[in-house]
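Novice: Predicted model follows, preceded by the sequence.
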Amino acid sequence: MKGRKRRRMGNSETLGMDVSQCPALPDTVIEEILLNVPAQQVIIVCRLVCREWKSVIDSTSFWKEKCRREGLKPRNPDKSSRDWKVFYWLYKKRRNLLKNPNAEENYEGWEIIENGGDKWTIEGMFEPHPDETVTKCFVTSYFPCVKRQLINLVKEGYHPGLLDKIQPDIVISDWYAPRWDCGSQYEICVELLSREKKVIKTFRPKPVTFPQWNDQQWNKVSHVFKNYGPGVRYVQFTHGGKDTQFWAGWYGIRVTNSCVEVFPADEA
């Protein structure tokens, strides 16, 4: 109709209801309703409907109960100061941020930095890995072989405000093994970088050297970055090694099952 103003569609209409005409409900009833709504919708739609819904969604009890119902259990359940909302989101997002950690997709995701000797190759297992699903590994040669992967934390879904204020634990791990009949060396360097890719924190232990005639068992290295300060936007994961006998072929260190994860604080 000419001259008639079109009513703006608000968030309540997005949900298909007119909240102004709804009877007042106790907070416990509102909470029960919202607990059955997907978390993403709770944040981007339901929280904007009215003050009552916002108050319920912003409460500690709401996210604590959501964690309980979805089976998300902290390692230290008695920590009274836990931010249950942050815990929920970090727990749900937790995954290995490294692409192709087990050589299942050849070298996809990795940048080859050094390719010495007869270059990197991919092989099956000489010795079974503790994780039986891991069946392949990257193998080094008689001169240094080094590869790298850069993780953009913001693109992976971690908001700059979360990284700067909450500073969730960033946990890295790697598995490496020598060949029994050849000496070898393993090295790793993991760096937290700023938006400009300047180094903020570094984990770089001394290289590990294995003698010839060893038990060729798998070894794990891990590290937790805590309280690293504001500005972290990237994780740069670099590892590799070589054999120490200078034998032609692939007798150097083996690496696989590399991992970078973002954990809720104190859960790593």
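Specialist: On my side now, so go ahead.

Novice: ok so Val86 is a strand residue?
Specialist: No: Val86 is assigned helix when assessed by DSSP: H, G, I helix; E, B strand; the rest coil, not a strand.

Novice: How about it: what's its closest non-neighbour residue?
Specialist: Among residues not flanking Val86 along the chain, Ile166 sits closest, at 5.7 Å (C-beta to C-beta, 6 or more residues apart in numbering). All C-beta atoms are positioned from the backbone trio N, CA, C, and that covers glycine.

Novice: count of residues packed around the one you found?
Specialist: Ile166 has 16 neighbours, counted by other C-beta atoms under 10 Å.

Novice: For Phe87, see how far away it is.
Specialist: Distance, Ile166 to Phe87, using C-beta to C-beta, to the nearest Å: 10 Å.

Novice: ok, now Leu153?
Specialist: Distance, Leu153 to Phe87, using C-beta to C-beta: 18 Å.

Novice: what's the answer for Thr121, then?
Specialist: According to C-beta to C-beta, Thr121 and Phe87 sit 42 Å apart.

Novice: which of the two has more neighbours?
Specialist: Phe87 (22 against 15).

Novice: list the contacts for the more buried one?
Specialist: 63, 67, 72, 74, 264, 267 (C-beta atoms under 8 Å, 6 or more residues apart in numbering).

Novice: Kindly reformat those residues as TSV containing distance to Ile43, secondary structure and neighbour count.
Specialist: Putting the contacts of Phe87 into TSV (distance: C-beta to C-beta, whole Å; DSSP: H, G, I helix; E, B strand; the rest coil; neighbours: other C-beta atoms under 10 Å) gives the following:
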residue	distance to Ile43	secondary structure	neighbour count
Trp63	11	helix	23
Cys67	15	helix	19
Leu72	16	coil	18
Pro74	21	coil	16
Pro264	17	coil	23
Glu267	21	coil	17
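
Novice: Quick check: of those, which lies closest to Glu127?
Specialist: Closest to Glu127 out of the contacts of Phe87 is Glu267 (30.8 Å), distances taken as C-beta to C-beta.

Novice: quick one: pLDDT of the closest one?
Specialist: With respect to pLDDT, Glu267 has a value of 62.

Novice: Now do the buried residues in stretch 94-104.
Specialist: Neighbour counts over stretch 94-104 (16 or more other C-beta atoms under 10 Å) mark 94, 97-98, 101-103 as buried.

Novice: need those residues in CSV with pLDDT, can you?
Specialist: Listed next are these as CSV, based on pLDDT from 0 to 100:
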residue, pLDDT
Arg94, 91
Leu97, 98
Leu98, 98
Pro101, 98
Asn102, 98
Ala103, 98
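
Novice: Those residues in strands, which ones?
Specialist: Among the buried residues of stretch 94-104, DSSP state E puts none in strands.

Novice: out of these, who's nearest Lys198?
Specialist: Out of those, the member with the shortest distance to Lys198 (by C-beta to C-beta) is Leu97, at 20.2 Å.

Novice: Against Phe263, how distant is the closest one?
Specialist: Separation of Leu97 from Phe263 (C-beta to C-beta) stands at 12 Å.

Novice: all strands of the stretch 51-200 of the chain, in order?
Specialist: With strands called from DSSP state E, counting those that start in this stretch, the stretch 51-200 of the chain shows them at 111-115, 121-123, 137-139, 145-152, 169-177, 184-193, 199-203.

Novice: I'm done for today, thanks for sticking with me.
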